[in-house]
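[1] here is a sequence with its predicted model. Questions after.
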Amino acid sequence: MSEQKRGKKRKGKHQKDAKKERKKQKTSVEEFEHLSKIKQLWEKARQKDPKVVSDAERTKLVNQLMDLLQDRVVDLINKHDGSRIVQTVIKHGSEKVRDRILNEFKSKGQIVKLVKQKYTKHIPMKLLKYGSKKQRELILRELYGKIPKLMGQVDAAEVIEYAYASIATNRQKNLLVSEFYGPTVALALREQETINSNVDNKNNNNNNPKSTPKPKILEVIEANPLQKDIITKNLEKVATRIVEKSLVQHSISHRIIHDYIKLIDPTATKDMVTSLLEHIVHFAHTREGSLIGAHCIAYSSVKDRKNIMKSLKEYLFKLASDAHGHIVLLKCFQTIDDTVLLKKMILLELLKSPEQITAVLKDKWARLIPLFILCPFNKRYFPLDVIEVLQTNYTVNDKNDKIPTSKKAIEVKIKELREALIPVLKTFVQDLSVKDFKELLTDPFAGVVMVEFGVLEVEGIWSEEDEVREEMRRKVRELVKDCKEEEEREKGVMSREGSGALKRLIKEGKGFGRAAAEGMKGKVMKWVVGEAGSKEGEGVWVVGMLVEAEESREILRKELGENRKQLEKVRKERKGVDKVLRNLDGEVSNGKKGGNKMQED
């Protein structure tokens, strides 16, 4: 070690010793030793490595800490280290330990004070995270009646948001939001919730509190019609403050603004939308926030819509891969008429490289962007509530007239967007190896995009005779030919996802059945009955589909006929084999003969 490093080390040790001496002078010897012991125990208890401290040792250390902290928790938390010590005890302590801490805070009226301060706010957050349902309810009850004021403070707002977004049941969420409707309505809802909760407890129907549906703001108004103007004014003040103080990232803020928009007239809606345009990207990660984003796009001008697309460009994949954010992008496709800009700023930017395309196709939510263009409003992929949001293609003016949000028909826009999407997908699929093609086709999310692309026909740009379509058929032939049963049953073309994709290509696409049958020649029995001793798998249903299709039946007829005796032996116990033989004999399932309809995903 160099002299310079030794000097720094000595200096650091000297500073620590001096600091310890100053603390010792400020407190009594007994108090200093007591705090030192607490810190020593805490240093051991917070170690994460199980080799250093086992779970049993940590439990013992936490109990020792709690004994030393008895009735001193409130005094300790005002110091940074003290707050962290209490957090460790809450995290690793038992329910009884957390009860002791919580009761001390409650008895001294400290809970509201805790949420307001920089260091102590983490204590109620830890209690909410690790506490029991009863403990969480107790903390929230202490905050009821003060929520609007607390939301105006940065530290307190963080605690309220955490409780609302990550911990609260739907019943508790409703009570938190009702605070912003006004004290009269909030009190009435709290009393009603108490009555409902007592009834539920008596009937033992409160096993799953999160199943309670959210009351809609319009239902609240219906129950309190005389309070509508007051509620609207209160929500207006809160919504304005949320925007001005940049609290738009909080999910509770999204619920408040969404409720406010439901109550106001078209003129007020336009004013509100104008103030929210630059914040759309911050709204998109929640259900209510995505609906606000869709509302903003619908009510905005042509110029504003261009600015919206520019603001989203940096966050495209993050939005597309979000459970709610993708709705905002889909609303852009449905509403914005300038498809040239849509292609350039959203679609092609999202699919700008093979790696990016793969990431989009494999993501549960991002894949819905190309799927919307390939098969718009398809109920197989888009829930009814999302379809309703996307198909709402008008706004309302002061005279209650419906004003179209788009001048161009959605069919025309889809056609123009396909002209950009299909060439990109054609190049992407053509460059895939058979291995990568199989990986995508058998993926639970990418597979459906590959299938929809494979069966789609678009006049002039994507036909059955296209060389890329023929390349897709060749790859299907190769992956079927090279399939190894043991591996493929788990993740490959004999898996549920893989066989489902193959069946749809065979049934709805042209030439894929013939390609699959050609690849299966010589090993069809492995698909039908598998290796000796194996159970009936998904592969038999693919064969059943091939034997049912005219373009592939004759290719496999001879091989299946030669193994007829083996198939007859297992026919009664395997429905798939029975289906294959009936299709082979001409008893194709059409609702009149057979009886067992071909299984479909």
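    Cool, the structure landed. Residues are numbered from 1 along each chain as shown.
[2] how about the residue nearest the centre of the chain, nearest residue that isn't a chain neighbour?
    By C-alpha atoms, centre = their mean, the mean C-alpha position of the chain lies nearest to Ala323, the distance being 3.9 Å. Excluding its sequence neighbours, the residue lying closest to Ala323 (C-beta to C-beta, 6 or more residues apart in numbering) is Trp365, at 5.7 Å. Any C-beta I mention is one placed from the backbone N, CA and C, and that applies to glycine too.
[3] the one you found in helix, strand or coil?
    coil (DSSP: H, G, I helix; E, B strand; the rest coil).
[4] list the contacts of it.
    Contacts for Trp365 (C-beta atoms under 8 Å, 6 or more residues apart in numbering) come out as 320-323, 325-326.
[5] how does it look with 10 Å?
    Counting by C-beta atoms under 10 Å, 6 or more residues apart in numbering, Trp365 touches 319-327, 329, 445.
[6] and the nearest residue to His92 once chain neighbours are set aside, how far from Asp55?
    Nearest non-adjacent residue to His92, counting by C-beta to C-beta, 6+ apart: Val62, 4.9 Å away. Going from Val62 to Asp55 by C-beta to C-beta, to the nearest Å gives 10 Å.
[7] neighbour count winner among these two?
    Set Val62 next to Asp55 and count neighbours by other C-beta atoms under 10 Å: Val62 wins out with 22 against 9.
[8] now the helix or strand containing that one: buried residues?
    Val62 is part of helix 55-69, with elements assigned from DSSP states H and E. Residues of helix 55-69 classed as buried by neighbour count (16 or more other C-beta atoms under 10 Å): 58-59, 61-63, 65-66, 68-69.
[9] what's the following helix or strand after it?
    With DSSP H and E, the next secondary element past helix 55-69 is helix 73-76.
[10] tell me what that following helix is packed against?
    Applying 3 or more C-beta pairs under 10 Å, 6 or more residues apart in numbering; DSSP states H and E, we find helix 73-76 packed against helix 55-69, helix 80-92, helix 95-107.
[11] how does it look with 7 Å?
    Using 3 or more C-beta pairs under 7 Å, 6 or more residues apart in numbering; DSSP states H and E as the contact criterion, the elements in contact with helix 73-76 are helix 80-92, helix 95-107.
[12] and the ones you listed, which one is worst for confidence?
    Lowest mean pLDDT of the helices and strands packed on helix 73-76: helix 80-92, a mean of 89.
[13] run through who's touching that helix.
    For helix 80-92, contacts defined as C-beta atoms under 7 Å, 6 or more residues apart in numbering pick out 38-39, 42, 45-46, 58, 62, 65-66, 69, 73, 76-77, 97-98, 101, 119-120, 122-123, 126-127, 130.
[14] of those, keep whichever come out buried.
    Among the contacts of helix 80-92, the ones that count as buried (16+ other C-beta under 10 Å) are 38, 42, 45-46, 58, 62, 65-66, 69, 73, 76-77, 97-98, 101, 119-120, 122-123, 126-127, 130.
[15] hang on, the earlier thing: quickly find the element holding the residue nearest to the centre of the chain.
    Following DSSP H and E, there is no helix or strand that holds Ala323.
[16] swap in Ile403?
    strand 402-404.
[17] not counting the helix holding Val62 itself, show me its contacts.
    34, 37-38, 41-42, 44-45, 76, 89, 92-93, 97, 100.
[18] how about stretch 549-567?
    Contacts of stretch 549-567 (C-beta under 7 Å, 6+ apart): 506, 513-514, 516-518, 520-521, 524-525, 528, 546-547, 577, 580-581, 584.
[19] could you list the buried residues of that stretch?
    Buried residues in stretch 549-567, counted by 16+ other C-beta under 10 Å: 549, 552-553, 555-556, 559-560, 567.
[20] and Lys116, how many neighbours does it have?
    Using other C-beta under 10 Å, Lys116 has 15 neighbouring residues.
[21] report how many residues lie close to the residue lying closest to it once chain neighbours are set aside.
    Of all residues not flanking Lys116 in the chain, Ala156 sits nearest, at 5.0 Å (C-beta to C-beta, 6+ apart). Counted by other C-beta under 10 Å, the residues lying close to Ala156 total 22.
[22] and the one helix or strand Ala156 maps to, C-alpha only, in PDB?
    In the assignment (DSSP H and E), Ala156 maps to helix 154-162. Extracted in PDB, the C-alpha atoms of helix 154-162 (Å, rounded to 0.1, in the frame of the first residue of the first chain):
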ATOM      1  CA  VAL A 154     -43.700  15.600  -2.600                       C
ATOM      2  CA  ASP A 155     -42.800  13.000   0.100                       C
ATOM      3  CA  ALA A 156     -46.300  12.300   1.300                       C
ATOM      4  CA  ALA A 157     -47.500  12.000  -2.300                       C
ATOM      5  CA  GLU A 158     -44.900   9.200  -2.800                       C
ATOM      6  CA  VAL A 159     -46.400   7.300   0.100                       C
ATOM      7  CA  ILE A 160     -50.000   7.800  -1.100                       C
ATOM      8  CA  GLU A 161     -49.100   6.700  -4.600                       C
ATOM      9  CA  TYR A 162     -47.400   3.600  -3.400                       C
END
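[23] alright, calling it a day.
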